[in-house]
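Undergrad: with the input below, show me the fold.
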Amino acid sequence: VQLQASGGGLKQPGGSLILSCVAFGTTIRFTDMEWYRQAPGKERELVASITTGGVADYGEFVKGRFTISRDNAKNTIYLRMNALEPEDTGVYYCYRPPSGLRPEYWGQGTQVTVSS
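TA: As a prediction, this is how the structure comes out:
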């Protein structure tokens, strides 16, 4: 089982990125999915979550700038990030929480750097 995150990169403040996370060897259809991030020297924090029914929730710091979505047919979740700020710099991880007998899985992370 693997969660493969991609789409990170270097952006100037105010820019946009779309992160993707594809699941291999498992299906995301029956579980909620989440994006976390970890900045240097800080603890990992929840960025966004999406339920199996498509209901999204966000960390307070998102302030309407990010959108999480899912495509179950492609076994993929996305994180569209707009109005990027230097404070958004960090490694972004996709995460499948445990559900019933299904264990949790972490993706390998993708680096997002926001700098002028």
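Undergrad: contacting residues for residue 10?
TA: Taking CB atoms under 8 Å, 6 or more residues apart in numbering as the criterion, residue 10 is in contact with 113-115. Bear in mind the C-beta positions are built from the backbone N, C-alpha and C, glycine included.
Undergrad: need the buried ones from these selected in ChimeraX.
TA: A single ChimeraX command is used to select the members of the contacts of residue 10 judged buried by 16 or more other CB atoms under 10 Å:
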select :114
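Undergrad: just checking, residue 116 touches residue 13?
TA: Yes - between residue 116 and residue 13 there is a contact under CB atoms under 8 Å: 5.9 Å.
Undergrad: can you list contacts of stretch 46-65?
TA: Applying CB under 8 Å, 6+ apart, the contact partners of stretch 46-65 are 29-37, 45, 66-70, 77, 79, 81-84, 87, 92.
Undergrad: quick check: phi and psi on the most centrally placed residue in the chain?
TA: Per CA atoms, centre = their mean, the C-alpha nearest to the average position across the chain is that of residue 35, at 2.9 Å. Here the main-chain torsion angles of residue 35 (degrees, to the nearest 10) amount to phi -110, psi 130.
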